[in-house]
Each structure stands twice: as C-alpha cells, then as structure tokens.
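Undergrad: Predicted model and sequence follow; I will ask about them next.
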Amino acid sequence: MRPLLRPRNLYVLLSYLVLSSMPFAPRLFGHPVAQPGELLGIELICWIGAWAFCKRPAYFHWLLLPAFLGLPVELYLYAFYGQGISTHHLGIIVETSPAEALEFLGSKVWLLAGVFVGVLAWFASTWIAAWRTRDLDWEDVSRTAVMGVLGLGVAVFVYGRAFGIAPPPLARVAGASTKPALLKTGGPASPGSAEETAAPRPGSVPPAGRLPPLAYWARLPLDPDAFARAWPFGLMARGFDFYKERVYLADLNRHSAHFRFGAHAARPADEPQLVVMVIGESSRYDRWSLNGYARETNPRLAQESNLVTLPDVITSVSATRLSVPVIISRKPATESLKDGFSEKSFLTAFKEAGFKTFWLSNQISFGKFDTPVSVFAKEADVVDFLNLGGFTDNSNYDEVLFGPLKHALNDPAPKKLVVLHTLGSHWNYSHRYPKQFDKWLPSLFGVDKPVYTDIRIKDQLNNSYDSSILYTDWFLAHVIDSLKESQQPASLLYAADHGQTLYDNSCRLAFHGHNTQYEFHIPAFAWYSDAYRERYPDKVEQLLRHRKAKLATENMFHTLLDMAEVRYPGERLEWSFVNPHFKQHKRYVDSYGWTDYDNATIQGECHEVISKGKPLPRT
C-alpha cells in the first residue's frame, strides 16, 4: 500500500479518478444522475480491464487523450446546456468551420486556448509520471485470471448481441400462445435481426444453421446507454455512434435512391403554379410585431392583405441540423435527434408531381461531412449554397438569394417549387443586416467579436436581434413582391427552425440549445396570391379557419403538398391545416426527454418547458 501513496502514483491515480467522476458532474449544476451504481460498476470494470490487458498505465494512457480534452467541454455543456457531449455535439464540431468557431467564441478564444494548453500539460505530466513509475505495474498471476474472466464476459455479451437473449421462464409461460419476442440487447432492431425473431418455445430446436439465444440467466447486467455515459472509456461508444451516423449520412442517398412517394399533381401538368417554402433561422415568435411585439419589426409584412399569421407553431428541437429535416420531410418529431431519415423530402414528392425544384440556401454545405439538411437539399433539380463566408461578418446577407430566386421564377417550367433557406437571425445578429437596418441602439453593429455569453451586452444584443428581424421583414416582403410580379397562382409558407433565448427577464441564458419556450415557439405564416385564391378558394377558407390551431413543424410537409394539390398514396390530410380533414396532434419538444408541449408548465425566468408527467425517453 505504501508505494501507492508516493506523490507520482497518487498524481496518476487521482487524475484517473477525476476523469471517472465526469458522469457525476451534473450534480454540480443541480441535475440528477441516472443509474449511479451501474455507472460506478461499469467504470471499475473498464479500468480493471484496461489495466489487466496493458499491464501498466503508461501503455494505455494515450488512449485517454480524448477524455482529457473532452473534460472541459463536458463541464461547459453541463453548465450551459444541462447535458454532456453527444453525437449531435460532435456533428456540430465537424460541420463548423474554424472561422465560424472563432467568431462565436470572440475574445474567449484565448481563454479556451489557455484551458486546452493546461489540459495538454496535465495529460503530458500524468503520462510522464505513469511512465516513470513501476509501482502501478500489474504483474502477478491475478492479472491472467482477471483477463480470463473479462474475456468470458465479453464473449457472453457479444453472443447475446448476435443471437439475442431468451425471455425469462415466467415470460415464456405467460406468453406461450403469442410467441414472445427475444429480449432486446440495445440498439434498433433491423428486419430479420435477432430482436425480431420469435423466441423458441421450451424444448424447441433452433432453425438449422442458427445458434440458440443466450439463456436468460447468463445475460450480463450491462446497459449500452449507461456505458456510453461512463468516463473515460464510454467516450469510445459516443465516437462510434458518431462514426455510424456519418456513414449513414454518406450512404443515405444510396439507401433511399429507390424511394418514391408515388406523387402526382391533381391539376393539369401545363397549368402554371409557384410554391415557395422559406425556412427561417433563429427567429423568435414574440419578437415579431405581427405577433404583438411593441417594436415595429414587421412594418412591411403588416401591409400584406393575403398574409395569414400562424400564432401557435412549435418546433420539436432547437438546433437547425435537427429541426429542418422535420420541416421538409415526414420525419417524426420524436426521431429528430437521429441523423438521417429513410425517406426523401417534399422536394422529391414535388418532382414526381412534375414540379421543377430549387434549393437556394444562404447557409453552408461541408463536402463529405454534409449536414442532414444538405443531404435532403441535394434532391432538388437546382441546388445553390451561396454563403461561402460561413456565419462570419464576411457572410452574405439573405438578399443574396434574390438573384437565384429571380432566375428560378423566370424558369420556363410551368410548375416550380422554390425553397429558400435563410441565415435569418443567426448569431452574430449584427452581421445579418446592413447598416440602414440598424434601427435600435446601442447595438452590436461594428463591435469586433462580441461574446454572447457576456451578459453585460444584453441591451446591445437584444437591439441587434430586433434589427435582424426588421431585415427579415424586408427580405420576406421582397420575396412576396417577386411572387406578385409573376402574376401566377403562388403560395408561400414561412417557418423558423427554432427561436432564441435572449437573457429574458433575469434569465442568464442566451442563444439556443436550451429547453425554453422562447426557442420552441416559432413565428410562421402563409401567404397566397390573388390568382391562388381564385383557383383554390376552399384552401384559403381552411387556412383562415385553422390559423389559430395548435401546430408544429411536423405539419409543414403535409400542408405544403396539400397547398399545391400534390396527391400521393398514404397522405395524411389530417396534418394539413389547409384541409377540411385537419386534426390537431400531440406536439412533442426535446425538453428533458420528449415532453408533451401542451401538457407542460412554463417555469422560471427562462420559461423552461417542464412536463407535468414523465417525458418520453429520448431515442
């Protein structure tokens, strides 16, 4: 025992203890820790396994570098967002350019650099200590015995994953007449997998060429989700999940290449029609004067006689890469945390119905690391990602879309769908509009690298945010004017991807990625031309009838196709608010699990959305 108390050895062991304590960090910020006992058990077994396999810490220490570097990131995410590193955060890191990251961090980039220099120094010093000591070497016969036991455990776990786990005897008796399914061992079942195969009845023989499932008594009490939350070795599971998502996204077009909606246009093919979908960015419902805000942020849209505001629309999750797929496809809200989707978007449905489709974006695409949004965007006949400057002050204003929009509207195709994906009110807010729209002062306009986490700039931040909404008003009014000039039956649907929290009241949160009403409640509206109203008076009537209904971004896919009279097998007209069959459905938001928004309370100065019951688990 005395050798372990030497300073060098204590330094190594205490450093490993700090890494292992990360799953319990939520308690520092007032959040509960699920399965604490199981987490401790998993971490202990992982440390024993690594030590037994490698014999001395110096040999596996390099594998811990991601954990050392991830530690300050994990603490930051828990402090500001109430959650640890996930595949979503890894995706954001991959999809964010260095220039954007520097702009977002502002002056805190030097603090971050200092933190990581300190972490690297910590990592290097512990490796040197581990290399120089031999007191921590595991060399006696117990090491071989432990490796044998752990090896057997791994073999049993792999067997259970491959062939499933038989149900307990009581379950067999209770379900003898229904062929009970095998117990799931984690992860989604795939067609023909062990999870979907019926468990054999007692005394039955497995199919030829197939090994029997693992006996229920031999199963290991290991939850893969708990392992992924463990530190430091659970980070490997998160990295593997991220890798699988990247592979899935890369193969998405290939996997869905043969997907068809079977859509067709109900109107003649040569009958002209324009359909526009505008996807806003970081726009907040209560900052639009159309929705009652005291500042006149929508002076031009307020003059549009054929504009119908939708005052009760929510988004399921407050992150662009996760929320936009729900808007443009049939992806359920409760699956929005998963990258990719097995179906295509409304772009393909419109193409099948004879529309020429355009995706015009002032956001960005990153080559082989395409975002989930750009994967869908590539379904369009014409795809333009116009923002080469990322989200910096060198990026384009949304008016850069006017030229491509004009070309699209002048295209000879009689039926056209145009999607405009804007930068809207993405941080830095003062970079989203030119000087003439800098109406409310003092603002952040001209301020070099402001830091949104600095509450001292609350007034400037809010003023610039309102000016960005004013610019959005001008942009959208120009788009509507362009549709009017076409003198064709035209319809437009606008919805923001998510909102923003802006140090409201005494709330000390800003930006998005939190669980606040300010981020889930989004602005949305529909507009139609006079020619559209003459052709589809019944749809305009239903739009006006349902304008105050409880809606979600899940409704947008079904409504957009219905507005254009595009029909397809299995369509859900009850989810279209321009249809007499419309019915309201449950609206889930990602707030400490999947919370029923209409069965939740709004708590605190930050207006957090808290379920009255138990939220559905995230999947």
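TA: Happy to help now that I have it. Predicted, not measured: the structure shown is a model, and the values here were computed from it.
Undergrad: From now on I want contacts and neighbour counts done on CA atoms only, so please keep to that.
TA: Will do.
Undergrad: Now do the buried residues in the longest helix along the chain.
TA: Identified as the longest helix of the chain according to DSSP state H is helix 458-486. Buried residues in helix 458-486, counted by 16 or more other Cα atoms under 10 Å: 458-480, 483-484.
Undergrad: again with stretch 65-81
TA: 67, 68, 69, 70, 71, 72, 73, 74, 75, 77, 78, 79.
Undergrad: What is the nearest of those to residue 227?
TA: Checking the buried residues of stretch 65-81 against residue 227 with Cα to Cα, the nearest one is residue 67 at 14.4 Å.
Undergrad: name the element that closest one belongs to?
TA: Under the criterion of DSSP states H and E, residue 67 resides in helix 65-81.
Undergrad: From the chain's centroid, how far away is that helix?
TA: 19 Å (Cα atoms, centre = their mean, to the nearest Å).
Undergrad: what's that helix in contact with?
TA: 19, 22, 25-26, 29, 83-85, 115-116, 119-120, 123, 231-232, 235, 509, 513-514 (Cα atoms under 8 Å, 6 or more residues apart in numbering).
Undergrad: ranges for the helices of the stretch 351-500 of the chain?
TA: Secondary structure of the stretch 351-500 of the chain (DSSP state H, counting those that start in this stretch): helices at 372-377, 402-410, 458-486.
Undergrad: just the strands in the stretch 201-350 of the chain please.
TA: 264-265, 273-280, 307-309, 313-314 (DSSP state E, counting those that start in this stretch).
Undergrad: Starting from the last one, tell me which strands it pairs with and how they run.
TA: Next to strand 313-314 in the sheet, as set by DSSP bridges, lie strand 521-522 (antiparallel), strand 551-552 (parallel).
Undergrad: Tabulate the ones you listed in JSON lines, adding columns for distance to residue 133 and mean neighbour count.
TA: Below are those laid out as JSON lines (distance: least, Cα to Cα, whole Å; neighbours: other Cα atoms under 10 Å):
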{"stretch": "strand 521-522", "distance to residue 133": "58", "mean neighbour count": "28"}
{"stretch": "strand 551-552", "distance to residue 133": "60", "mean neighbour count": "26"}
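Undergrad: Nearest to residue 344, out of those?
TA: If we rank those by Cα to Cα, the stretch that ends up nearest is strand 551-552, at 19.6 Å.
Undergrad: Could I get the average pLDDT for that closest one?
TA: In this model, strand 551-552 has a mean pLDDT of 98.
Undergrad: what's that strand in contact with?
TA: Contacts for strand 551-552 (Cα under 8 Å, 6+ apart): 312, 313, 314, 315, 316, 584, 587.
Undergrad: what's the helix or strand for residue 140?
TA: Going by DSSP H and E, residue 140 is not in any helix or strand.
Undergrad: For it, give its distance to residue 60.
TA: Relative to residue 60, residue 140 is positioned 19 Å away (Cα to Cα, to the nearest Å).
Undergrad: Between these two, tell me which one has more neighbours.
TA: residue 60 (16 against 9; other Cα atoms under 10 Å).
Undergrad: How about the more buried one: what's its closest non-neighbour residue?
TA: residue 54 (6.4 Å; Cα to Cα, 6 or more residues apart in numbering).
Undergrad: ok, now residue 64?
TA: Distance criterion Cα to Cα, 6+ apart; nearest residue to residue 64, sequence neighbours excluded, is residue 232 at 6.9 Å.
Undergrad: Relative to residue 70, how far out is the one you found?
TA: In terms of Cα to Cα, residue 232 sits 9 Å off from residue 70.
Undergrad: can you check residue 244 too?
TA: Taking Cα to Cα, one finds residue 244 at 20 Å from residue 70.
Undergrad: ditto for residue 349
TA: 42 Å.
Undergrad: Make JSON lines out of the strands paired with strand 313-314 and add distance to residue 212.
TA: Converted to JSON lines, the strands paired with strand 313-314 look like this (distance: least, Cα to Cα, whole Å):
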{"stretch": "strand 521-522", "distance to residue 212": "51"}
{"stretch": "strand 551-552", "distance to residue 212": "46"}
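Undergrad: Which one, of those, ends up nearest to residue 298?
TA: Nearest to residue 298, of the strands paired with strand 313-314 and by Cα to Cα, is strand 521-522 at 15.0 Å.
Undergrad: Helix or strand next in line after that closest one, which one?
TA: strand 524-528.
Undergrad: That next one pairs with which strands?
TA: strand 307-309 (antiparallel), strand 490-496 (antiparallel).
Undergrad: which residues sit against that strand?
TA: 285, 306-311, 313, 489-496.
Undergrad: and that strand with helix 458-486, angle?
TA: If you take axes from the mean of the first three to the mean of the last three Cα atoms, to 10 degrees, strand 524-528 sits at 20 degrees to helix 458-486.
Undergrad: what mean pLDDT does strand 524-528 have?
TA: 98.
Undergrad: so where's the stretch 501-619 of the chain shaky on pLDDT?
TA: 619 (pLDDT under 70).
Undergrad: What sits closest to residue 513 if chain neighbours are left out?
TA: Leaving out its chain neighbours, the residue that sits closest to residue 513 by Cα to Cα, 6+ apart is residue 318, at 5.4 Å.
Undergrad: For the one you found, list the residues it contacts.
TA: In this structure, residue 318 makes contact with 497, 498, 499, 512, 513, 514, 519, 520, judged by Cα under 8 Å, 6+ apart.
Undergrad: 10 Å instead?
TA: 282, 324, 497-500, 511-516, 518-521, 589-591 (Cα atoms under 10 Å, 6 or more residues apart in numbering).
Undergrad: So which of those residues are in strands?
TA: 511, 521, 589, 590 (DSSP state E).
Undergrad: which residues does the first one form a beta bridge with?
TA: Right, residue 511. residue 501.
Undergrad: ok, now how distant is it from residue 504?
TA: From residue 511 to residue 504 the distance is 11 Å (Cα to Cα).
Undergrad: what sits against residue 414?
TA: Per Cα under 10 Å, 6+ apart, neighbours of residue 414: 269, 270, 271, 272, 273, 274, 354, 355, 356, 488.
Undergrad: can you check residue 147 too?
TA: 48, 49, 50, 51, 52, 53, 153.
Undergrad: Any of those buried? List them.
TA: Judged by 16+ other Cα under 10 Å, buried ones among these: 48, 49, 50, 51, 52, 53.
Undergrad: Against which helices or strands is the strand or helix carrying the last one packed?
TA: If you go by DSSP H and E, residue 53 is part of helix 36-54. Helices and strands touching helix 36-54, by 3 or more Cα pairs under 10 Å, 6 or more residues apart in numbering; DSSP states H and E, are helix 7-20, helix 57-60, helix 142-163, helix 224-229.
Undergrad: Relative to residue 559, which of those helices is closest?
TA: Of all the helices and strands packed on helix 36-54, helix 224-229 comes closest under Cα to Cα, at 37.0 Å.
Undergrad: So which residue is smack in the middle of the protein?
TA: What sits nearest the mean C-alpha location of the chain, by Cα atoms, centre = their mean, is residue 322, with 3.1 Å.
Undergrad: Surely it and residue 373 touch.
TA: Yes. At 8.1 Å, residue 322 and residue 373 qualify as touching, with contact defined as Cα atoms under 10 Å.
Undergrad: Quick check: neighbours shared by these two?
TA: 339, 340.
Undergrad: so what's the backbone phi/psi at residue 115?
TA: Main-chain dihedrals, residue 115, degrees, to the nearest 10: phi -60, psi -50.
Undergrad: ok, it - contacts?
TA: 69, 72, 109, 121.
Undergrad: switch the cut-off to 8 Å
TA: residue 72.
Undergrad: so how far is residue 323 from it?
TA: Applying Cα to Cα to residue 115 and residue 323 gives a distance of 32 Å.
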